[in-house]
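> mind folding the following:
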Amino acid sequence: MTALRNRKSKLSFATDREIRGRAIVVEPSPWVCAVRLKGTRQRYEISWDTIFVHAAQLAANKLRAERLEARKRKRGM
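Numbers count the residues shown, from 1 in each chain. Take a look at the predicted model:
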């Protein structure tokens, strides 16, 4: 994290994923992450802890669905 905190130039990444024909641009900073579509000015900021919590919830939901599916298969046999 030190490198991101001490950067003097703006850091941005263009992803291979496209929405509406435009690449997604990610602009990280020490406290928030901004995302926008390439060629637009509209930015959406989200905090790093919110990203982590959302990813943890997605992982928990996936695990829950896998367990439910395994239970259904076990009962079906």
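
> nearest the middle, which residue of the protein would you pick?
For the chain, residue 51 is the residue whose C-alpha lies nearest the centre (Cα atoms, centre = their mean; 6.1 Å).

> so what's that residue closest to, chain neighbours aside?
Spatial nearest neighbour of residue 51, chain neighbours left out: residue 33 (6.5 Å); criterion: Cβ to Cβ, 6 or more residues apart in numbering. Quick note: C-beta positions are derived from backbone N, CA and C, even for glycine.

> where along the chain do the strands fall?
Using DSSP state E, the strands of the chain run over residues 13-19, 22-28, 32-37, 44-47.

> could you dump the third one to PDB, C-alpha only?
In this case it means strand 32-37. Taking Å, rounded to 0.1, in the frame of the first residue of the first chain, the C-alpha atoms of strand 32-37 are listed here in PDB:
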ATOM      1  CA  VAL A  32     -11.300   4.800  -2.500                       C
ATOM      2  CA  CYS A  33     -11.500   3.200  -5.900                       C
ATOM      3  CA  ALA A  34     -13.200   5.000  -8.800                       C
ATOM      4  CA  VAL A  35     -14.600   3.200 -11.800                       C
ATOM      5  CA  ARG A  36     -15.800   4.800 -15.100                       C
ATOM      6  CA  LEU A  37     -16.400   3.900 -18.700                       C
END
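
> hmm, who's touching it?
19-20, 22-28, 42-48, 51 (Cβ atoms under 8 Å, 6 or more residues apart in numbering).
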